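Chemist: Okay, here's the prediction I keep looking at, along with the sequence it came from:
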Amino acid sequence: MTLTPDLRRSIDQIRDYLYGGGYPNPAQNAEQLSFLMFFFMYEAMDAKRVRAAKRPGTEPYTSAFDGMWTLKNPLNAPDEKTKEIPKDRLRWSSWAKGLNGERLVSWVRDEVFAFYGAIAKEGVTNFMEGARLVIDDPTVLSEILTRVENLNLDRMDSDTKGDLFEHVLRQIRQAGELGQFRTPRHIIRMVVDMVNPRLGETVYDPAAGTAGFLVAAYEHIRLANSTVAGTEVAEVDGKTIRRGLGDTLSREQQRQLAETTFFGNDVDPQMVRLATMNLFLRGLDKVRILRRDALTRTLEPSQKQELGIPAEGFDVVLANPPFSGRLDKDRIVDDVKVGTTTQTELLFLKYMLNHLRTPENGHEGGRCGVVIPEGVLFGSTGAHKELRRQLIENNRVEAVMSLPGGVFNPYSGVKTSVLVFTRGGRTEDVLFLHADADGFKMDANHDAPVAEDDLPTLLEAYRAREGRRVEWQARDEDADWTHKWWFADAETIRAADFNLSAGRYRPQSRASVEHRDPLEILDDLQAVEREIMEELAELRELMTESKL
């Protein structure tokens, strides 16, 4: 089953109905929908577990709807003497159509949320911690319940449910207070394809958001372990992608992939809830998304052991950490500090570097793919230069891909790049890739598919970089270089204060000089202006401290 236009339309209608009903916050609406979808699906999941427990050799299971429930609000009791009711009355099928008006709101708010909150508390991530019913208009709530039921989530496969929820998440169109925002899924898939996580490796996103990178890594590994018959073509966001069922995976490998491969955390409790639901819908309910700020709180070895976090570091780190955020310098943990900077994009990059697996005992160093604002690549503060120096001198920077300006619309117009590196070793040269188009119209919304797309060609150039390096070295330096990829050796980069901006090393040609897009030039100027403002803010802070 695929995500049909009718299903998309159904979600859009729910969005529009909530907005028209007085609930204009898209992130909050996505969260409320995630709770209601969970309530609906849990009844079928519980019944499936009951049936499975009857098979010989399986572990016993008691239905969550067996036993009695102590009412949280006495007003929900049928009479004054009743304090408890059968849990069976907390099934979706019992209350979603059986109640209406204020009684429905009171029941869902006080009993249903509490009941499923207790269930979530027993899971690896309590994604309902602090959850509450926001849709408190009886008419709106009743209509939304009917529309959620009409989605027929219990008849969908996990991929379709996941795609449906991704469509819900697409409605979140504003950046968070800490500079975080939803990463376009086609950009995520490209980064994942570049880093190429494999079965048996651990994958981590320290700023997980709605878990887009973890989901994409899961799909990437499944596709790599699928037969031709177990592979299908799906349409996502107006583009076709290949998906695999993972039909060559053994039962133990499936368990490993679902339970001990993926890790993440996020500081925002709302993002933790949405991420957990995004994973849950794909059968990844054992993946733990911690609510924590990775830059201000460290985990002790005993805590890592208890949480199942690999002590040796992660094989793969994938992330789009918050841009433009700043932290109180006194809260920053020592192992992520770079000079005196308080910029989150620099601190996160240092954090990710530290949490990659070190190359030892026959294991290669961990690999990282991260989306960063381009100021990280050319900033002139001491922290910028020192971090780039560490990357070049003590690690292997594999590639830098410059993304088109506007990729993150409607959230942000900041110019970004993808940085791919491996922990340990030493950089000999860097492959630079430049994308002018990413397959979507570069307007304020950036969601309309178009034919122009440099990403597939650049991804192929990255995968074949050994051959491309030979081609680059054998080039005629007097001839125009028309490819959107090129190399720069470490010595050249070192001489330029470790500048890693792709445009710095682009071979000059008459075509590129005469036809460079003015919008691209404006993007570069905006990135420079932003970097200057950040440096002035840092200088002002240092001068203020010196007067104290």
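Modeler: Perfect, thanks for sending it.
Chemist: all contacts plus neighbour counts: C-alpha atoms, from now on.
Modeler: Will do.
Chemist: now the helices for the stretch 251-400 of the chain?
Modeler: 251-259, 269-280, 301-307, 344-354, 375-378, 382-394 (DSSP state H, counting those that start in this stretch).
Chemist: can you list these in a markdown table and add mean neighbour count and distance to residue 100?
Modeler: Listed next are the helices of the stretch 251-400 of the chain as a markdown table, based on neighbours: other C-alpha atoms under 10 Å; distance: least, C-alpha to C-alpha, whole Å:
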| stretch | mean neighbour count | distance to residue 100 |
| --- | --- | --- |
| helix 251-259 | 15 | 39 |
| helix 269-280 | 24 | 27 |
| helix 301-307 | 12 | 42 |
| helix 344-354 | 22 | 47 |
| helix 375-378 | 23 | 54 |
| helix 382-394 | 19 | 59 |
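Chemist: can you redo these as JSON lines with distance to residue 194?
Modeler: Listed next are the helices of the stretch 251-400 of the chain as JSON lines, based on distance: least, C-alpha to C-alpha, whole Å:
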{"stretch": "helix 251-259", "distance to residue 194": "20"}
{"stretch": "helix 269-280", "distance to residue 194": "22"}
{"stretch": "helix 301-307", "distance to residue 194": "28"}
{"stretch": "helix 344-354", "distance to residue 194": "17"}
{"stretch": "helix 375-378", "distance to residue 194": "19"}
{"stretch": "helix 382-394", "distance to residue 194": "18"}
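Chemist: closest to residue 47 out of the ones you listed?
Modeler: For the helices of the stretch 251-400 of the chain, proximity to residue 47 was assessed by C-alpha to C-alpha; helix 269-280 is nearest, at 17.0 Å.
Chemist: what angle separates the closest one from helix 251-259?
Modeler: 160 degrees (axes from the mean of the first three to the mean of the last three C-alpha atoms, to 10 degrees).
Chemist: for helix 269-280, what is the average pLDDT?
Modeler: For helix 269-280, the mean pLDDT works out to 87.
Chemist: Determine how far the helix or strand harbouring residue 439 lies from the middle of the whole chain.
Modeler: Using DSSP states H and E, the element containing residue 439 is strand 438-440. Distance of strand 438-440 from its chain centroid, counting by C-alpha atoms, centre = their mean, to the nearest Å, is 19 Å.
Chemist: What of stretch 91-102?
Modeler: 34 Å.
Chemist: end to end, how far does it reach?
Modeler: 19 Å (C-alpha to C-alpha, to the nearest Å).
Chemist: pLDDT averaged over stretch 356-369 - what is it?
Modeler: The model assigns stretch 356-369 a mean pLDDT of 91.
Chemist: what do you get for stretch 302-311?
Modeler: For stretch 302-311, the mean confidence score works out to 90.
Chemist: Ends of it, what's the gap?
Modeler: Across stretch 302-311, first to last residue, C-alpha to C-alpha, it's 10 Å.
Chemist: residues making contact with that stretch?
Modeler: 260, 263, 301 (C-alpha atoms under 8 Å, 6 or more residues apart in numbering).
Chemist: Tell me the one of those nearest residue 371?
Modeler: Among these, and counting by C-alpha to C-alpha, the member closest to residue 371 is residue 263, at 18.3 Å.
Chemist: how about the nearest residue to that closest one, chain neighbours excluded?
Modeler: Once flanking residues are discounted, residue 263 sits nearest to residue 204: 4.7 Å by C-alpha to C-alpha, 6 or more residues apart in numbering.
Chemist: In a helix, the one you found, correct?
Modeler: No - read with DSSP: H, G, I helix; E, B strand; the rest coil, residue 204 is strand and lies in no helix.
Chemist: Let me know the next secondary structure element after the strand holding residue 439.
Modeler: Immediately after strand 438-440, counting by DSSP H and E, sits strand 449-453.
Chemist: Show me what that next one packs onto, helices and strands only.
Modeler: Packing contacts for strand 449-453, counted by 3 or more C-alpha pairs under 8 Å, 6 or more residues apart in numbering; DSSP states H and E, involve strand 438-440.
Chemist: Which strands or helices does the strand it packs on pack on?
Modeler: Short answer (3+ C-alpha pairs under 8 Å, 6+ apart): strand 438-440 packs on strand 449-453.
Chemist: who does the strand it packs on pair up with?
Modeler: Strand 449-453 has the following sheet partners, assigned by DSSP bridges: strand 438-440 (antiparallel).
Chemist: Show me what the mean pLDDT comes to for the partner strand.
Modeler: On average, strand 438-440 scores 90.
Chemist: Report the buried residues of that strand.
Modeler: 438, 439, 440 (16 or more other C-alpha atoms under 10 Å).
Chemist: of the contacts of stretch 302-311, closest to residue 401?
Modeler: residue 263 (25.4 Å).
Chemist: give the contact list for the closest one.
Modeler: Residue 263 neighbours (C-alpha under 8 Å, 6+ apart): 202, 203, 204, 205, 214, 287, 288, 289, 309.
Chemist: quick one: the last one from residue 301, how far?
Modeler: When distance is defined by C-alpha to C-alpha, residue 309 is 9 Å away from residue 301.
Chemist: what do you get for the second one?
Modeler: Relative to residue 301, residue 203 is positioned 19 Å away (C-alpha to C-alpha).
Chemist: ditto for the first one
Modeler: Applying C-alpha to C-alpha, one obtains 17 Å for the distance of residue 202 from residue 301.
Chemist: Same question for residue 146.
Modeler: Applying C-alpha to C-alpha to residue 146 and residue 301 gives a distance of 48 Å.
Chemist: ditto for residue 343
Modeler: Counting by C-alpha to C-alpha, the gap from residue 343 to residue 301 is 27 Å.
Chemist: do residue 234 as well
Modeler: According to C-alpha to C-alpha, residue 234 and residue 301 sit 42 Å apart.
Chemist: And for residue 244?
Modeler: 36 Å.
Chemist: and residue 403, how many neighbours does it have?
Modeler: Residue 403 is flanked by 24 other residues according to other C-alpha atoms under 10 Å.
Chemist: and if you look at residue 436?
Modeler: With other C-alpha under 10 Å as criterion, residue 436 counts 16.
Chemist: Excluding covalently adjacent residues, which one is nearest to it?
Modeler: Using C-alpha to C-alpha, 6+ apart, the closest residue to residue 436 is residue 404 (5.3 Å).
Chemist: Also residue 284?
Modeler: residue 258 (5.4 Å).
Chemist: Pretty sure the one you found sits against residue 279.
Modeler: No - checked against C-alpha atoms under 8 Å, the pair residue 258 and residue 279 is beyond contact range at 9.7 Å.
Chemist: got any residues that touch both of these two?
Modeler: Joint contacts of residue 258 and residue 279 (C-alpha under 8 Å, 6+ apart) are 285, 287.
Chemist: I am finished for the moment; much appreciated.
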